[in-house]
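Student: After the sequence you'll find the predicted model.
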Amino acid sequence: MHRHLFATAFTTVFLTSSLLTSPSHADIGSVYVQSLVTDEIVVQSNGSSYHRLAPLSNLIANVHVEVDAGQFGRVVWFTAWLGLGLEGVGRQYWPQYREDGHHKSFGNDRPRSWSGTVPVTVPGSSLETLALGQCNSLAQSLRAGGLGDKAIFAEDRRIELAVTPHLAYDMTGAAGSGIPGEGEPSWDDYKKLTLVCQKWPGAVPLGAAGGLTIGDAEVEHASLSLLEQYGPSGLCKIVLSGVIQTDRADTEVRFRYRNQDGRLSEVHSVTTDHARTAMFSHQYRIKNNYDAEHDIDWAESGFVRIVGVSHDFRTPWAEYTMECVEPGATDFQTVLRPEVKMQVVALEKVMVGRQLCVDTIRLYGMIVGRGPAAGYAGFVGNGYLSKPEAYAVQQGDVAFVVAERKLNWQTDPQATLATGPSDGGLKKQTVDLAFNVTGESGAIIASVPKRGYEFACVNPAIRPDVAGGRGLTLEPRPQGGARAAAPSGLTAESASPAARRSAAPLDRKTAVLALLPDLVIQRSVKGKGKARLRVLVVNRGAGPAAATNLRAIYRKGGGQRIRRSVAVPALEAGAKAWVVVDFQAPLKKAGKITLKVDDPNRVAEQDEANNKALFGG
């Protein structure tokens, strides 16, 4: 017999104490939002209404799911999806986006239970009705309060939304009985995002003469990336590239590059396309900073930013630090082999017997060019070869190769992996893997040597709030055949300690993450006293970041420098943390202060080039 649940579920429903002696005859279903990747959704305006979502306004979250059919049942499938809640509005009116949920079907190989974290994405097309409706409803209420469109659309307005998790599943087995546990959560228990009802870019500022008129096109966003290129051949240059976005299509934007000494480049010009976006790339040679008189080879370093010519805008500073050298006395240039790195992470877990084991691993290979190189790259192991992927890199380019591999937990003496033990302890296995990169001739030119990656199963967590319980917590099925709806309950932060431990990331070999983190410095402000600097570090990626460091350099006149390194805690996707740097010297006397998170480079990230920032720019 099949059972279905269509309900919001933060925690499990569990058996009454009179039934605790037979926990394996019931089933559970629980879900909670482990972390948010999206922290805000932006709705754009035209001066009289909010009319469209900003590009890439998707809701993305990592959702933890646990389902258990009990000893005599099997899990057939489950679907996890997200909804949005508004404070003060009845929960029956909160929208849900099941069609955009994460669905997993187990086919003929149905486990008794499954537990893991899955990514769930709600596209902007699904969110648009709610987002536009809320912003325009806010505008209407402001009009009713006496404000005109000029005042309403002259500033950003924000609405807080709760992100709600939902779960449906199908299991076989006999129905159980019992009563629900915790009730519905409070508003504070939910994870939140911000709906930004954006001001109209063409609005005349309040207090300006005249009414609401259409102004000139504006630059909404500009970014600058800097790539260092240097080596033994005497190469010493920087590549500047980025994106400019305007509020209208077919807009010409003129700009210059400015360095730390105030020197300006020639004027560059781009025109945005139908998507209101333009991309650019320029190269500049950097003078070798060699002091022949004292035979000292100083590092070539500096800062560059974009300043608008046709429009009033500028980008944050981009820093470079290189060790350029004079060309070698040869008739040819030496081409160095690319640098390669590899990372192995786990995607999800399945039940193997009564243990929770990694089902699939994802392999990430990174190729960093130190000159022109092209060929194929792939992963190899005992009895394993991934599909070779073509790559091509120049000096400073980065190429990624990704593959997945299923793990085999069946004990097989002929297998190339070691499973066990068979004495009732936790199973574990070691998988040998290497990453090889070939040149155009087919010969291997770079590799990450083969090494063993160990994966160990774990016992399902025990809920301490169910006295005398064993193994997984259980949700009863009521009499009459219908499955009891698991109630709304706790978020990841307010779940029981055992639940938090089971959802926490493991070490780098067995971490349960499917995507990489991305650490950036969002803000830096003066702290208490004259010598302290507060720095806000945020993980904008989709995976958790391990603990690392932030390096700060305080530069004074005469070449003097004060260097500091402070700890940055581990950050889940979307999480932020303030750190404090004490230079023991007045901030106002610094010529400039440079900041870099994850220095030295310890965390593999989506973007390794956005870790730097400048205070006081």
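Tutor: Structure received. Values in this document were obtained by computation on a predicted structure and should not be read as measured data. Numbering: from 1, shown residues only.
Student: What count of nearby residues applies to residue 545?
Tutor: When neighbours are defined as other CB atoms under 10 Å, residue 545 has 29 of them. C-beta: built from backbone N, CA, C; applies to glycine.
Student: Equivalent analysis for residue 604, please.
Tutor: For residue 604, the neighbour count with other CB under 10 Å is 19.
Student: Equivalent analysis for residue 441, please.
Tutor: 7.
Student: Tell me the predicted confidence for it.
Tutor: What the model reports for residue 441 is a pLDDT of 75.
Student: before we move on, what about residue 550?
Tutor: pLDDT, residue 550: 92.
Student: measure it to residue 518 for me?
Tutor: 15 Å (CB to CB, to the nearest Å).
Student: who has more neighbours, the two?
Tutor: Set residue 550 next to residue 518 and count neighbours by other CB under 10 Å: residue 550 wins out with 23 against 20.
Student: Does that one touch residue 534 like I think?
Tutor: No - Residue 550 lies out of contact with residue 534 (CB atoms under 8 Å); the separation is 11.3 Å.
Student: residues shared between the contacts of these two?
Tutor: Listed contacts common to residue 550 and residue 534 are 579, 581; contacts here mean CB atoms under 8 Å, 6 or more residues apart in numbering.
Student: List the contacts of residue 129.
Tutor: By CB under 8 Å, 6+ apart, residue 129 has no neighbours at all.
Student: Confirm it sits in a strand?
Tutor: No - counting by DSSP: H, G, I helix; E, B strand; the rest coil, residue 129 falls outside a strand, being helix.
Student: spatially speaking, which residue is in the middle of this structure?
Tutor: residue 541 (1.7 Å; CA atoms, centre = their mean).
Student: Tell me the pLDDT of that one.
Tutor: Looking at residue 541, its pLDDT stands at 77.
Student: Name all residues that make contact with it.
Tutor: By CB under 8 Å, 6+ apart, the residues touching residue 541 are 37, 515-519, 573, 605-606.
Student: Report the buried members of those.
Tutor: Buried residues within the contacts of residue 541, defined by neighbour count using 16 or more other CB atoms under 10 Å: 37, 515-519, 573, 605.
Student: now, which of these sits nearest residue 256?
Tutor: Checking these against residue 256 by CB to CB gives residue 518 as the nearest, at 28.9 Å.
Student: Give the helix, strand or coil label for the spatially closest residue to the closest one that is not a sequence neighbour.
Tutor: Among residues not flanking residue 518 along the chain, residue 541 sits closest, at 3.4 Å (CB to CB, 6 or more residues apart in numbering). Three-state call for residue 541 (three-state DSSP): coil.
Student: how near is residue 541 to residue 399?
Tutor: For residue 541, the distance to residue 399 - CB to CB - is 19 Å.
Student: Which of the contacts of residue 541 lies at the shortest distance from residue 90?
Tutor: Using CB to CB, the contacts of residue 541 come closest to residue 90 at residue 37, 28.1 Å.
Student: Name the nearest residue to that closest one, sequence neighbours excluded.
Tutor: residue 60 (3.9 Å).
Student: elements contacting the helix or strand harbouring the one you found?
Tutor: Secondary structure from DSSP states H and E places residue 60 in strand 59-68. Judged by 3 or more CB pairs under 8 Å, 6 or more residues apart in numbering; DSSP states H and E, the packing partners of strand 59-68 are strand 28-36, strand 75-85, strand 113-122, strand 157-172.
Student: Show me what the first one pairs with in its sheet, parallel or antiparallel.
Tutor: Each strand that strand 28-36 pairs with, and the sense of that pairing, follows from DSSP bridges: strand 59-68 (antiparallel).
Student: before we move on, back to that, out of the buried ones among the contacts of residue 541, list just those in strands.
Tutor: Of the buried ones among the contacts of residue 541, the ones assigned to strands by DSSP state E are residue 519.
Student: Pick out whichever of the buried ones among the contacts of residue 541 sits closest to residue 151.
Tutor: residue 37 (34.0 Å).
Student: Was I right to think the closest one contacts residue 56?
Tutor: No - counting by CB under 8 Å, residue 37 does not reach residue 56; the two are 11.7 Å apart.
Student: So for residue 278, what's the pLDDT?
Tutor: Note for residue 278: predicted pLDDT of 83.
Student: quick one, phi/psi of it?
Tutor: Taking degrees, to the nearest 10, you get phi -140, psi 140 for the backbone angles of residue 278.
Student: Spatially nearest residue to it, not counting backbone neighbours?
Tutor: residue 270 (3.9 Å).
Student: What are the neighbouring residues in contact with residue 581?
Tutor: By CB under 8 Å, 6+ apart, the neighbours of residue 581 are 532-535, 550, 552, 564, 566.
Student: change it to 6 Å
Tutor: 533, 552, 564, 566 (CB atoms under 6 Å, 6 or more residues apart in numbering).
Student: which element is it on?
Tutor: Using DSSP H and E, residue 581 falls in strand 576-582.
Student: how distant is that strand from the center of its chain?
Tutor: Centre-to-centre, strand 576-582 and its host chain are 20 Å apart (CA atoms, centre = their mean, to the nearest Å).
Student: Now do whichever helix or strand comes after that strand, average pLDDT.
Tutor: The helix or strand immediately downstream of strand 576-582 is strand 592-597, counting by DSSP H and E. The pLDDT scores in strand 592-597 average 90.
Student: Next, the angle strand 576-582 makes with strand 592-597.
Tutor: 140 degrees (axes from the mean of the first three to the mean of the last three CA atoms, to 10 degrees).
Student: Mind exporting the C-alpha coordinates of strand 592-597 to CSV?
Tutor: Extracted in CSV, the C-alpha atoms of strand 592-597 (Å, rounded to 0.1, in the frame of the first residue of the first chain):
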residue,chain,number,x,y,z
LYS,A,592,46.0,52.9,1.8
ILE,A,593,44.8,49.7,3.4
THR,A,594,44.5,46.5,1.2
LEU,A,595,42.4,43.5,2.3
LYS,A,596,42.2,40.0,1.0
VAL,A,597,40.1,37.1,2.3
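Student: after it comes which helix or strand?
Tutor: Counting by DSSP H and E, what follows strand 592-597 is strand 612-615.
Student: what is residue 357 paired to in the beta sheet?
Tutor: Here residue 357 sits in beta bridges with residue 350, going by DSSP bridges.
Student: That one contacts residue 409, correct?
Tutor: Yes - in this structure, residue 357 is within contact of residue 409 by CB atoms under 6 Å, at 5.4 Å.
Student: coming back round to it: hmm, who's touching the strand holding residue 60?
Tutor: Outside strand 59-68, the residues that reach it (CB under 6 Å, 6+ apart) are 27-38, 75, 78, 80, 113-115, 117-122, 165, 169, 472, 503.
Student: one more time with 7 Å
Tutor: 27-38, 41, 75, 78, 80, 82, 112-122, 127, 163, 165, 167, 169, 472, 474, 503, 542, 573 (CB atoms under 7 Å, 6 or more residues apart in numbering).
Student: go on, stretch 357-366?
Tutor: Counting by CB under 7 Å, 6+ apart, residues outside stretch 357-366 touching it are 340-350, 377, 379, 398, 400-407, 409, 427, 433, 435, 455, 457, 510, 514.
Student: Quick one: mean pLDDT over that stretch.
Tutor: Average pLDDT, stretch 357-366: 86.
Student: change the start of the numbering to 26 and stick with it
Tutor: In the new numbering, first residue 26, that becomes stretch 382-391.
Student: what comes up buried for the host helix or strand of residue 166?
Tutor: Element membership of residue 166, judged by DSSP H and E, is helix 149-169. Under the neighbour-count criterion of 16+ other CB under 10 Å, helix 149-169 has 149, 151-152, 155-157, 159-161, 163-164, 167 buried.
Student: That helix: what's the following helix or strand?
Tutor: Following helix 149-169 in sequence order, the next helix or strand is helix 174-177 (DSSP H and E).
Student: ok so, going back, burial-wise, tell me which of the helices and strands packed on strand 84-93 comes out on top.
Tutor: strand 53-61 (a mean of 25; mean count of other CB atoms under 10 Å).
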